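Trainee: Fold the following and give me the result.
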Amino acid sequence: MSNDFTFNIKSIVFDENYHPSDHTRLTTNFANLARGKSRQENLRNTLRMIDNRFNNLAHWDNPHGDRYTVELDIISVEMTIGAAGGNDALPLIEILKPNIIDKKTGERTNGIAGNNFSSYVRDYDFSVLLPEHNADKATFGTPDNFGDFHGKLFKHFVNSDAYKRHFNKPPVICISASSSKVYHRTENVHPILGIEYRQNELSPTDQYFDKMGMKVRYFMPPNSFAPLAFYFIGDLLGDYTNLELIGTISTMETFQKIYRPEIYNANSAAGKLYQPSLKNQDYSLTQIVYDREERSQLAVRQGKYTEEHFIKPYKNILEQWAANDAR
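Mentor: A predicted model of the protein is given here:
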């Protein structure tokens, strides 16, 4: 049955001329920035921030801080359910992939696929299924097997021939630390990832990514203000080069500064015990326009889209696949 699930991978360059396609999830960070009257200025400033941060971290043999530039590809994943379910391609996942250009040598280095992670099925899980489950309950909870199907689908994609043809290493997803948890600074310091933080228990997001086969570690890179959550499959510190890790940090820290400035553009850095808060008032705004409220509203719309066009029409097929044939 698993052979009936076919993945198709497309890419488009994220630059100052980027326009979201009709199939792009509009809640995606980069799509949100690329709309409205400030779109081109938003994109130009975002890319400049990424380059500046990259050169700040890759400071060796880089006396003027301008040796590297980062190009970003938006990777869109479509899934076709074969003979059993028709031939319409269903939008599934969007991730980012940095490409690192050394302007001194002309060398081009592939960055790590992943970074930002956008998923239609995750929109359904968190914006439709979870609210419905908790609508009449006094205590918040999750449905039985919450995230199981999404996790199996993601692992199936990472193990697919399509993924292996396009990428030679497992993905790394980098997102904000959870505002519901307290993080403890450790003595472990990595030269690129920075100071490691740990928390006492997994957040719901950590548990969701765990079902995708991804472990989590938290690091606050040099000259950062808060730890980032890094979700990975193999060995985060051993599987990737310094430049690859810097590509992920510079890309995702930039996006976090834009849409979570209270945490990542704060005016003071995290201490030994740290709990992120979107109510923090001591922070600076970037010069980039971002509509956080619109993003949350669109997540609900896209979750319902997934329910109508993916979950309901293929319910029996998907349940049979998840029960019998997912890796």
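Trainee: Pick out the residue closest to the middle of the protein.
Mentor: Relative to the mean C-alpha position of the chain, the nearest C-alpha, by Cα atoms, centre = their mean, is the one of residue 116, at 2.3 Å.
Trainee: Excluding covalently adjacent residues, which one is nearest to that one?
Mentor: residue 96 (4.8 Å; Cβ to Cβ, 6 or more residues apart in numbering). Glycine gets a C-beta too; all of them are placed from N, C-alpha and C.
Trainee: re earlier: can you tell me the average pLDDT over the helix or strand encompassing the residue nearest to the centre of the chain?
Mentor: Assigned by DSSP states H and E, residue 116 belongs to strand 114-119. Regarding strand 114-119, the rounded mean pLDDT is 90.
Trainee: Identify all contacting residues around whichever helix or strand comes after that strand.
Mentor: Later in the chain than strand 114-119, the nearest helix or strand by DSSP H and E is helix 120-124. Residues from elsewhere that reach helix 120-124 (Cβ atoms under 8 Å, 6 or more residues apart in numbering): 25, 27, 90-93, 149-150, 153, 208, 299, 302-307, 310-311.
Trainee: Centre of the chain to stretch 139-158, how far?
Mentor: A distance of 17 Å separates the C-alpha centroid of stretch 139-158 from that of its chain, computed with Cα atoms, centre = their mean, to the nearest Å.
Trainee: measure that stretch end to end?
Mentor: 35 Å (Cα to Cα, to the nearest Å).
Trainee: Quick check: bridge partners of the residue lying closest to residue 181 once chain neighbours are set aside?
Mentor: Excluding its sequence neighbours, the residue lying closest to residue 181 (Cβ to Cβ, 6+ apart) is residue 199, at 4.6 Å. Beta bridges link residue 199 to residue 183, judged by DSSP bridges.
Trainee: how about residue 199, what does it touch?
Mentor: 178, 181-184, 218.
Trainee: Looking at the residue nearest to residue 265 when sequence neighbours are not counted now. What's its pLDDT?
Mentor: Leaving out its chain neighbours, the residue that sits closest to residue 265 by Cβ to Cβ, 6+ apart is residue 257, at 4.4 Å. On pLDDT, residue 257 comes in at 93.
Trainee: residues in contact with residue 257?
Mentor: 49, 264-265, 286.
Trainee: one more time with 7 Å, if that's ok
Mentor: By Cβ atoms under 7 Å, 6 or more residues apart in numbering, the residues touching residue 257 are 264-265, 286.
Trainee: Provide the backbone phi and psi angles at residue 188.
Mentor: Residue 188 adopts backbone torsions of phi -80, psi 120, taken as degrees, to the nearest 10.
Trainee: all strands of this protein, in order?
Mentor: In the chain, the segments counted as strands under DSSP state E are 5-14, 68-81, 89-102, 108-110, 114-119, 172-176, 183-190, 194-199, 215-220, 228-232, 273-274.
Trainee: how near is residue 152 to residue 47?
Mentor: In this view, residue 152 and residue 47 are 35 Å apart by Cβ to Cβ, to the nearest Å.
Trainee: got it, and residue 120?
Mentor: With distances taken as Cβ to Cβ, residue 120 is found 26 Å from residue 47.
Trainee: ok, now residue 175?
Mentor: 20 Å.
Trainee: Ok, residue 207 next?
Mentor: According to Cβ to Cβ, residue 207 and residue 47 sit 34 Å apart.
Trainee: Compare these two (neighbour count), which wins?
Mentor: Counted by other Cβ atoms under 10 Å, residue 207 and residue 47 do not tie: residue 47 has more neighbours, with 20 against 15.
Trainee: which ones are touching the more buried one?
Mentor: Contacts here follow Cβ under 7 Å, 6+ apart; on that basis residue 47 touches 15-16.
Trainee: Over to residue 67?
Mentor: By Cβ under 7 Å, 6+ apart, the residues touching residue 67 are 55, 102-104.
Trainee: so can I have a markdown table of those residues showing pLDDT and distance to residue 74?
Mentor: Putting the contacts of residue 67 into a markdown table (pLDDT from 0 to 100; distance: Cβ to Cβ, whole Å) gives the following:
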| residue | pLDDT | distance to residue 74 |
| --- | --- | --- |
| 55 | 98 | 23 |
| 102 | 98 | 23 |
| 103 | 97 | 23 |
| 104 | 97 | 27 |
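Trainee: ranking the residues you listed by neighbours, who comes first?
Mentor: In the contacts of residue 67, the most neighbours by other Cβ under 10 Å go to residue 55, 19 neighbours.
Trainee: what's near enough to touch that one?
Mentor: By Cβ under 7 Å, 6+ apart, the contact set of residue 55 is 62, 65-68.
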